[in-house]
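Visitor: A structural model of the following input is requested.
(chains A and B)
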Number of protein chains: 2
Amino acid sequence: MTVPFLNPDYSEELALRVKKVRAQMPTAHVDAVLVASSTNMFYMSGGIFRGYIYLDSNPDRSPLFLFISPSEAPDDSRCMQIHKPEHIANRLSESGYGSPARLGLEYGDMLCSDIERLKKCFPESEFADASAVFRKARMTKTPYEIRAMERDGIHQAVAYSQVSHCYQEDMTDLELQIEIERVLRREGCLGFLRAAGSRMELNLGSVLNGDNADNPSPYDFAMGGEGIDPSLPVGANGMTMRRGTVVMVDMNGGFNGYQTDMTRCWALGDVPEPAHKAHDCSRAILRELERIGKPGVPISELYKRAVAMAEEAGLAAYFMGHRHKVRFIGHGVGIELNEMPVVMERNNDPLEENMTIALEPKFVIPHVGAVGVENTYQVTPEGLRNLTVFNEELSEL
Amino acid sequence: MTVPFLNPDYSEELALRVKKVRAQMPTAHVDAVLVASSTNMFYMSGGIFRGYIYLDSNPDRSPLFLFISPSEAPDDSRCMQIHKPEHIANRLSESGYGSPARLGLEYGDMLCSDIERLKKCFPESEFADASAVFRKARMTKTPYEIRAMERDGIHQAVAYSQVSHCYQEDMTDLELQIEIERVLRREGCLGFLRAAGSRMELNLGSVLNGDNADNPSPYDFAMGGEGIDPSLPVGANGMTMRRGTVVMVDMNGGFNGYQTDMTRCWALGDVPEPAHKAHDCSRAILRELERIGKPGVPISELYKRAVAMAEEAGLAAYFMGHRHKVRFIGHGVGIELNEMPVVMERNNDPLEENMTIALEPKFVIPHVGAVGVENTYQVTPEGLRNLTVFNEELSEL
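Guide: Here you go, the predicted model:
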């Protein structure tokens, strides 16, 4: 179980990923990469073990899987046991891999102290940041990855179908979140959020009710929330949910190392017309982006089209926040919640087939709450294919 | 709420922490530190905001709190708003703080790419790793911190008192864990694990039954567990819990930015005598360490005494693991789950008053499971004071 991709059943999948990573090496000017982060180790092996994965640019060579106790190297020519990273360079020489002239390390995924230690392990090499190598390789998904995310989307939808059963009158936002967490976990959610960067602390997701949706958080989430403690200022704030408000449910969709990102909203009793109007606008934006979101289209076009539709509807003041606005409407998702690409105005890169992106055109209506829908999509030649199919209406809880 | 320590009520607490951090600066040969990690920002401010905290060694100067949008600087002479870290050095000069000759950055708590960016923001400075400055300052707790951890211990004990109500016949370990997670969350647990380093991925804790306690994990936890997915190989593995085995509950104790670490075990029906014997030995070890654990005692003494008692009881083969053993019996705990000191043989540093350490002398009995008790203690002149008071018997579930 430790390293699934060493199993012959996955040899094509491993070869595909190796090829995608190697294709990015020239742009980072590296002739090898050493994988040490959990995220990229999972990408390159299908599992997490203690150790490293070494991959050079020579297409005739296999990646090398280096295990450190308590992880044990399986009996496989691509694997070896080492005691500590200081031994890697010697083992590479002995194995005929030579010494990399310029080694890529994951500066954007690893602690500085860990990177500094690794640099000392390769006294003959120069170094460069290889985080972008993996981010770009992972940006488009393999069929295997798409299937994993399809399964996530189904599990997440099943869990969301039970949200209305989780609710009881006079609950707090936090009490509702706790019941949803339980439903998600029973559905197989791993209960662990993998995200890139240092600006994404969160528990199992976000349930935002009423004006709490407009509380800015120091993190990089589209909607913030105050949280219940100054050590984690994000999400539900423990207030009792009042009638006439909306509750937005944006909870964890990670069931298998991959994840989908999905938001749905529920109304508590009758809510003011602007909330319905904005919610409908969000859905209309998604329908339009699903249609135009084809390979080759500049990613900025999705952003601009969404902003234009919010403006046309007279809802610009509420779009992507009210007191505090964020300047993106979506993001890549996969192993990490926040992958490439970011769907924002200045991203003129083209959409590519089999990118997976979460689009979340949301509105914050003062004193009512956040409305809108978030789906995770696969980019296909026919447009965006929804992986998180579930009722999108603003139903009553 | 964002920055509690700017409130005059906390001025003494802030001054105390500033003094503790300044006292560690000479050993790192730095004349200032720039705090950017969540952990140390919470330590220095009582909250999390987007921005930085600058502290130099001049005792006449206050720390400087630098806010970046969406976090807003309060109206306070110690605070200023900046647009990006590239502006910090200029603002320091304008404010009369000058330029640090040697600036400490948190190499062990921050991504390498973030550290590299910060280094470029101070073109006139040299740099050094300041992670140890904060780890050592945080190693002994203030009375305020002890009170926070006392509250954690009480909440965690209340949650653990409901474990037996969470259990139903023929449950899997994971199903039990999910019900305990719900109880913890309803008791106020934040649902988020803050830990140091890159080797501590986990959801809300660990419920280990039977032989799963002996499955090594690639992470730095005392007992591993297989997990339910190769992307997170730790903890419960989803097996139905059989009679005649033990289940070990080591779940998250974080309720207020601090945390306690606490393990209790329950027997499913009658379990073999060696399990009871080892469990009693764990309790006897704790009683002995509580007695001898006074300021000035070498930390290695705790480790050696525990190993000796396990050997005297003829249980050495099971102590701290069976198939795979770990070489520590405890660790500091506070804002992070794994703080200084590590209680291991080669740590000859003395215990200090108001260190808070989790001691976890555990045994893995083949085919039965892990037994033993973990408590979090405050070091006092009278010995170790238990912050996680709760029934320690191996009760039937």
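Visitor: so which elements touch the helix of greatest length in chain A?
Guide: When chain A is parsed with DSSP state H, its longest helix is helix A:273-292. Counting contacts by 3 or more C-beta pairs under 8 Å, 6 or more residues apart in numbering or on different chains; DSSP states H and E, the secondary-structure elements packed against helix A:273-292 are helix A:299-312, strand A:356-359, strand A:362-365, strand A:369-372, strand A:383-386. For glycine as for every other residue, the C-beta is placed from the backbone atoms N, C-alpha and C.
Visitor: name the helices or strands packed onto the third one?
Guide: Right, the one you point to is strand A:362-365. Other elements packing on strand A:362-365 under the criterion 3+ C-beta pairs under 8 Å, 6+ apart are helix A:273-292, strand A:369-372.
Visitor: just how off-centre is the longest one within its chain?
Guide: Between the mean C-alpha point of helix A:273-292 and the mean C-alpha point of its chain there is a distance of 23 Å (C-alpha atoms, centre = their mean, to the nearest Å).
Visitor: need the contact list for the closest residue to chain B within the stretch 251-397 of chain A.
Guide: Sorted by distance to chain B under C-beta to the nearest C-beta, the residues of the stretch 251-397 of chain A start with A:Gly257, at 3.0 Å. With contacts taken as C-beta atoms under 8 Å, 6 or more residues apart in numbering or on different chains, A:Gly257 has the following neighbours: A:42, A:46, A:148, A:190, A:335, B:229-232.
Visitor: A:Val249 too?
Guide: So, once contact is read as C-beta under 8 Å, 6+ apart, A:Val249 ends up touching A:160, A:163, A:180, A:205-207, A:263-266.
Visitor: got those residues as JSON lines, with secondary structure columns?
Guide: Putting the contacts of A:Val249 into JSON lines (DSSP: H, G, I helix; E, B strand; the rest coil) gives the following:
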{"residue": "A:Tyr160", "secondary structure": "helix"}
{"residue": "A:Val163", "secondary structure": "helix"}
{"residue": "A:Ile180", "secondary structure": "helix"}
{"residue": "A:Gly205", "secondary structure": "strand"}
{"residue": "A:Ser206", "secondary structure": "strand"}
{"residue": "A:Val207", "secondary structure": "strand"}
{"residue": "A:Thr263", "secondary structure": "strand"}
{"residue": "A:Arg264", "secondary structure": "strand"}
{"residue": "A:Cys265", "secondary structure": "strand"}
{"residue": "A:Trp266", "secondary structure": "strand"}
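Visitor: ok, back up a step: pick the most buried one from the helices and strands packed on strand A:362-365.
Guide: For the helices and strands packed on strand A:362-365, the largest average neighbour count (mean count of other C-beta atoms under 10 Å in any protein chain shown) is found in strand A:369-372, namely a mean of 31.
Visitor: can you tell me what sits against that strand?
Guide: By C-beta under 8 Å, 6+ apart, the residues outside strand A:369-372 that reach it are A:208-214, A:223, A:245-248, A:263, A:265, A:275-276, A:278-279, A:282, A:360-365, A:394.
Visitor: which other helices and strands contact the following helix or strand past it?
Guide: Next helix or strand after strand A:369-372 toward the C-terminus (DSSP states H and E): strand A:375-380. Taking 3+ C-beta pairs under 8 Å, 6+ apart as the contact definition, the neighbouring helices and strands of strand A:375-380 are helix A:143-160, strand A:356-359, strand A:383-386.
Visitor: same list, the ones you listed, but as CSV with mean pLDDT, distance to chain B and mean neighbour count please.
Guide: Rendered in CSV, the data for the helices and strands packed on strand A:375-380 read as follows (pLDDT from 0 to 100; distance: least, C-beta to the nearest C-beta, whole Å; neighbours: other C-beta atoms under 10 Å in any protein chain shown):
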stretch, mean pLDDT, distance to chain B, mean neighbour count
helix A:143-160, 98, 10, 20
strand A:356-359, 98, 16, 27
strand A:383-386, 98, 24, 20
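Visitor: can you list the residues of the stretch 201-350 of chain A near chain B?
Guide: Taking C-beta under 8 Å from any C-beta of the partner chain as the test, the list of the stretch 201-350 of chain A residues beside chain B reads A:201-204, A:216-218, A:224, A:226, A:228-233, A:255-257, A:324, A:335.
Visitor: is it possible to get JSON lines of the helices and strands packed on helix A:273-292 that adds distance to B:Ser93?
Guide: Supplementary listing: the helices and strands packed on helix A:273-292 in JSON lines, determined by distance: least, C-beta to C-beta, whole Å:
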{"stretch": "helix A:299-312", "distance to B:Ser93": "38"}
{"stretch": "strand A:356-359", "distance to B:Ser93": "42"}
{"stretch": "strand A:362-365", "distance to B:Ser93": "39"}
{"stretch": "strand A:369-372", "distance to B:Ser93": "42"}
{"stretch": "strand A:383-386", "distance to B:Ser93": "50"}
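Visitor: A:Thr142 touches A:Val18, doesn't it?
Guide: No: the pair A:Thr142 and A:Val18 fails to qualify as a contact (C-beta atoms under 8 Å) at a distance of 11.5 Å.
Visitor: which of these two has more neighbours?
Guide: Remark: of A:Thr142 and A:Val18, A:Val18 carries more neighbours, 19 against 15, as counted by other C-beta atoms under 10 Å in any protein chain shown.
Visitor: returning to what we had before: so which of the helices and strands packed on helix A:273-292 gets nearest B:Glu175?
Guide: Proximity to B:Glu175 (C-beta to C-beta) singles out strand A:356-359 among those, at 29.9 Å.
Visitor: which other residues reach the closest one?
Guide: Residues lying outside strand A:356-359 but in contact with it, judged by C-beta under 8 Å, 6+ apart, are A:141, A:145-146, A:149, A:260-262, A:285-286, A:289, A:302, A:306, A:329-334, A:339, A:341, A:343, A:374-379, A:384, A:387.
Visitor: fine by me, thanks again.
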